[in-house]
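Asks: The sequence and its predicted three-dimensional model are supplied below.
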Amino acid sequence: MDRQYYGADIDVFYDLDRCIHAQECVHGLPKVFDRSRKPWVLPDEGTPDAITATILRCPSGALHYRRADGVAETPDATTTITPMPAGPIYVRGDITVRLADGSTETATRAALCGCGRSAHQPFCDLTHLTPSL
């Protein structure tokens, strides 16, 4: 995780390399998530339940949380794979992702590269939006 934002009841963790700017966070809870502000995440501006629900809408898994009450993120009961038109492949569930170096990472949400051009394989980094030379 690149950034950690601590609150009284919930901590938020952000991985810049995994973020595809789907903006589920800023649209879902703008008092907590505001890209025009530093720091851009203020965990004490929302309830743990509202922040948790918003983070779970993040398709890439760039956002995670740790709640003071011990409620933890659990994977969806069914693993789903949703290819986005001309975009990433969203995966949700109890997943294991093999990284470019051969190691593995467990996750509950991921946006995987569908074009093969991402510098952060196997995760999408929005390279598909850059015109090919």
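Replies: Received it, and whenever you're ready, just let me know what you need.

Asks: contacts and neighbour counts: CA atoms only from here.
Replies: Fine.

Asks: which ones are touching T96?
Replies: T96 sits next to T104, E105, T106, A107 when contact means Cα atoms under 8 Å, 6 or more residues apart in numbering.

Asks: Tell me the spatial nearest neighbour of the first one, not counting adjacent residues.
Replies: Yep, that's T104 we're talking about. Leaving out its chain neighbours, the residue that sits closest to T104 by Cα to Cα, 6 or more residues apart in numbering is R98, at 4.4 Å.

Asks: Please apply the same query to the third one.
Replies: Nearest-residue entry for T106: T96, 4.4 Å, with adjacent residues in sequence omitted and distances by Cα to Cα, 6+ apart.

Asks: How much space separates the one you found from G7?
Replies: According to Cα to Cα, to the nearest Å, T96 stands 29 Å off from G7.

Asks: now the helices for the chain?
Replies: Applying DSSP state H to the chain gives helices spanning 24-28, 48-56.

Asks: Reformat those as TSV; add distance to L112 and mean pLDDT.
Replies: Shown next, in TSV, are those (distance: least, Cα to Cα, whole Å; pLDDT from 0 to 100):
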stretch	distance to L112	mean pLDDT
helix 24-28	17	97
helix 48-56	17	98
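
Asks: Just tell me which of these ends up closest to A62.
Replies: Nearest of these to A62, taken as Cα to Cα: helix 48-56 at 8.8 Å.

Asks: what comes up buried for that closest one?
Replies: For helix 48-56, the neighbour count (16 or more other Cα atoms under 10 Å) marks P48, I51, T52, T54, I55, L56 as buried.

Asks: tell me the two of the residues you listed that are most distant?
Replies: Maximum pairwise distance among the buried residues of helix 48-56 (Cα to Cα): 12.1 Å, between P48 and L56.

Asks: Who wins on neighbours among the contacts of T96?
Replies: Ranked by the number of neighbours (other Cα atoms under 10 Å), these place A107 first, at 17 neighbours.

Asks: Look at T82 and say how many residues are nearby.
Replies: Using other Cα under 10 Å, T82 has 11 neighbouring residues.

Asks: I'd say it and A110 touch.
Replies: No - using Cα atoms under 8 Å, T82 is not in contact with A110; the gap is 10.5 Å.
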